[in-house]
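Novice: Curious how this folds, go ahead:
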Amino acid sequence: MYELFVLGQLMDRPMTGYQLRKALSSTVGPELTISFGALYPLLDKLAAAGTLTLAFKSTTTKRPQKVATITSAGRTRFHALVLAPVAHNKQTQLTFQMKVNFLHLLTPDQQRTTLRDFQTFATSQLDQLATQKINLAHNTNMVAADIQDALRVNQLQTVRAQAQADWLTTQLSQLTKE
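Specialist: Model (predicted):
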């Protein structure tokens, strides 16, 4: 997932690790960002795989900065990752957010496919939350107060998922008009 993000960011321009981390934080929020201790080894791994190059750039105010630049193999890898189906796991939401961040790098047909896949995921989230609500309401193994709290959380999650589904519908509608 972070490989997708790094390669996608580099599709627009070369960046330092610091810039990549800031871009990720801006996209997914500070609580989900990658540590420098994980980012720099990832950059080294991607450089070893030939998907990007790392070079030092001298600066006048501080020590040299390591700048990552995507290669043609990296561009190919990026397109393979961004167009690949998303596995349904705890990273699914984040992966789709990253894909949406790179819609400008895709053809209109690829954008529609990506948004439809995300919409399918959002719809399945809503279905799961509806089932969870029913199961909570009929759960005889939980204390009534815990059930009420769980139903509140379910309601919050449902509102978020519905907002996401509505947003996706709007995006797909706008793409169809273009």
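Novice: what about the helices in the protein?
Specialist: 2-12, 17-28, 36-48, 72-83, 92-101, 108-137, 144-177 (DSSP state H).
Novice: what's the least confident stretch among those helices?
Specialist: Lowest mean pLDDT within the helices of the chain: helix 17-28, a mean of 87.
Novice: mind checking how far it is from the chain centre?
Specialist: Here the centre of helix 17-28 is set off from its chain's centre by 12 Å, with CA atoms, centre = their mean, to the nearest Å.
Novice: now for it, which elements pack on it?
Specialist: Applying 3 or more CB pairs under 8 Å, 6 or more residues apart in numbering; DSSP states H and E, one finds that helix 17-28 makes contact with helix 2-12, helix 36-48, strand 65-70, helix 92-101. Using the backbone N, CA and C atoms, a C-beta is placed for each residue, glycine as well.
Novice: What lies in contact with it?
Specialist: With CB atoms under 8 Å, 6 or more residues apart in numbering as the test, helix 17-28 has contacts from 2, 5-6, 9, 15, 33-34, 36, 39-40, 43, 65-66, 68, 94, 97-98, 101.
Novice: same thing but 6 Å
Specialist: 5-6, 9, 33-34, 39-40, 97, 101 (CB atoms under 6 Å, 6 or more residues apart in numbering).
Novice: what's the neighbour count on Val86?
Specialist: 19 (other CB atoms under 10 Å).
Novice: Quick one: the helices and strands packed on helix 17-28 as TSV, columns for mean neighbour count too.
Specialist: Shown next, in TSV, are the helices and strands packed on helix 17-28 (neighbours: other CB atoms under 10 Å):
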stretch	mean neighbour count
helix 2-12	20
helix 36-48	14
strand 65-70	18
helix 92-101	19
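Novice: which residue of this structure sits farthest from its center?
Specialist: For the chain, the residue at maximal distance from the C-alpha centroid (CA atoms, centre = their mean) is Thr140, at 37.5 Å.
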